[in-house]
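Novice: kindly generate the corresponding structure for this input.
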Amino acid sequence: MDAESSIKRRHDPVSMETMGDEGSKSTKRKDVVDSSISEASLLSIEKRRKVIDVSSVSKGKNVVEDVPSKAGESRFFLKDPPTHSVHMSCNTNVEVFKDLKDKLTDKQHKIFGETCFGVFTQMQHCYVQAQILRCCMVRELIESTPDAFLIDINGNELRFSIREFAIITGLKCVGDEDAFKVNCKGRNRILETYFGGSKKIPSKADLIECFTDKNWGLNDADAVKIVVLYFIHTYILSNEKNAVKIPRLHFDLVESGRYVDYPWGKKAFNELIKSMTHKMTFEKKIYRLHGMPLAMQVWLYECCSFVDATLVVKTGNNIPRMLNWMTIESQPSFKELMDGMFKEDNTPVKCCTQHCYISFLHVFKFLLFLYFIF
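Specialist: Below is the predicted model of the structure:
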């Protein structure tokens, strides 16, 4: 067991960054680092000891004080979860792969399969079971940040960060988004040909209409470009249909081909975490999930020691992990989930390589995967 844990730590995508030369210096710096951390922690605790988030209280959020938890004190963001019915709104188009088969020719579908998003065409049918995300928000810990969503299940703390998101989705999650910004005053052929000119900012609804009507005709190259935009904005970045405008940058990236290098995973992760972290209140009745909720849902499947086979089944052991799961019941109820996957019965939660299990037979494949996405 120790040997297995050691190997997993060596192949952990974050741990690897601190190995090598730094390992030889860690012992020498230990006392200095420990001392610095202790002093900084004490100072931070003293400053925050009696501070309460007044704005959160005024909005009806039942939160705990931002101080270290005492024995037996709740660390949950919500002390008392809402008892009324809560609606979770999600606009992920889980039928996108059926849409592609219906609208594209065999040649066009093959070209899309060779893009950086082509691996998703191997997905099993997987619904967004939105009440799972509600369960996560109910079990959210106060320590959640914009960089990581923390939950507690059966006394086990689980952390969903961009590393877990990358392993689950395979999307590129590193890179500076600002480095891709260009002069948007120039002409864009896709905008001029299909959306009424470069000065108009199309909405998501306009993009869906263009895809549905197959406005590209017999132009295979343009067909794939429209499909890439459609896939990004209906599956990876799931936002409301009529309220969202497609950024001009996205059209420029697709037209130039630079979209393959853009950190779509980073953007989707940030939008998802922003829509969930510290958002649930006792009174609110509707929550809108953005980004890619399926990533957190599949991550939870991978973490849980018990997954009800009437809800979802595992069909493989591939990378990225999203390819391995097929939902059986599309929309399980909140009570059904809290009495099942989230039940407080002291069942241990599987926590391998930051909650994403990687067997010995897949270590080499996993490292190759990380090499290409990072």
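Novice: torsion angles phi and psi at Thr327?
Specialist: Per-residue torsions, Thr327: phi -80, psi 140 (degrees, to the nearest 10).
Novice: what about stretch 208-217, average pLDDT?
Specialist: Stretch 208-217 carries an average pLDDT of 95.
Novice: can I get it in PDB? Just the C-alpha atoms.
Specialist: Output of stretch 208-217 as PDB, limited to C-alpha atoms (Å, rounded to 0.1, in the frame of the first residue of the first chain):
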ATOM      1  CA  ILE A 208     -27.800  27.800 -32.500                       C
ATOM      2  CA  GLU A 209     -30.000  29.000 -35.400                       C
ATOM      3  CA  CYS A 210     -27.000  29.100 -37.800                       C
ATOM      4  CA  PHE A 211     -26.100  25.500 -36.800                       C
ATOM      5  CA  THR A 212     -29.700  24.300 -37.000                       C
ATOM      6  CA  ASP A 213     -30.300  25.700 -40.500                       C
ATOM      7  CA  LYS A 214     -26.900  24.400 -41.700                       C
ATOM      8  CA  ASN A 215     -26.100  27.800 -43.200                       C
ATOM      9  CA  TRP A 216     -22.700  26.700 -44.300                       C
ATOM     10  CA  GLY A 217     -24.100  24.800 -47.300                       C
END
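Novice: buried stuff in it?
Specialist: Within stretch 208-217, the residues that qualify as buried are 208, 210-211, 216, counting by 16 or more other Cβ atoms under 10 Å. C-beta: built from backbone N, CA, C; applies to glycine.
Novice: of those, which is the nearest to Asn324?
Specialist: Phe211 (28.0 Å; Cβ to Cβ).
Novice: chain center to the helix or strand where that closest one lies, what's the gap?
Specialist: Element membership for Phe211 (DSSP states H and E) is helix 204-212. Distance of helix 204-212 from the chain centroid (Cα atoms, centre = their mean, to the nearest Å) equals 24 Å.
Novice: before we move on, what about stretch 241-248?
Specialist: Put simply, stretch 241-248 sits 20 Å off its chain's centre (Cα atoms, centre = their mean).
Novice: what residues sit buried inside it?
Specialist: 244, 246, 248.
Novice: contacts for stretch 137-144?
Specialist: The contact list for stretch 137-144, computed with Cβ atoms under 8 Å, 6 or more residues apart in numbering, reads 63-64, 66, 75-78, 81, 149-153, 157, 276-280, 287, 338, 342.
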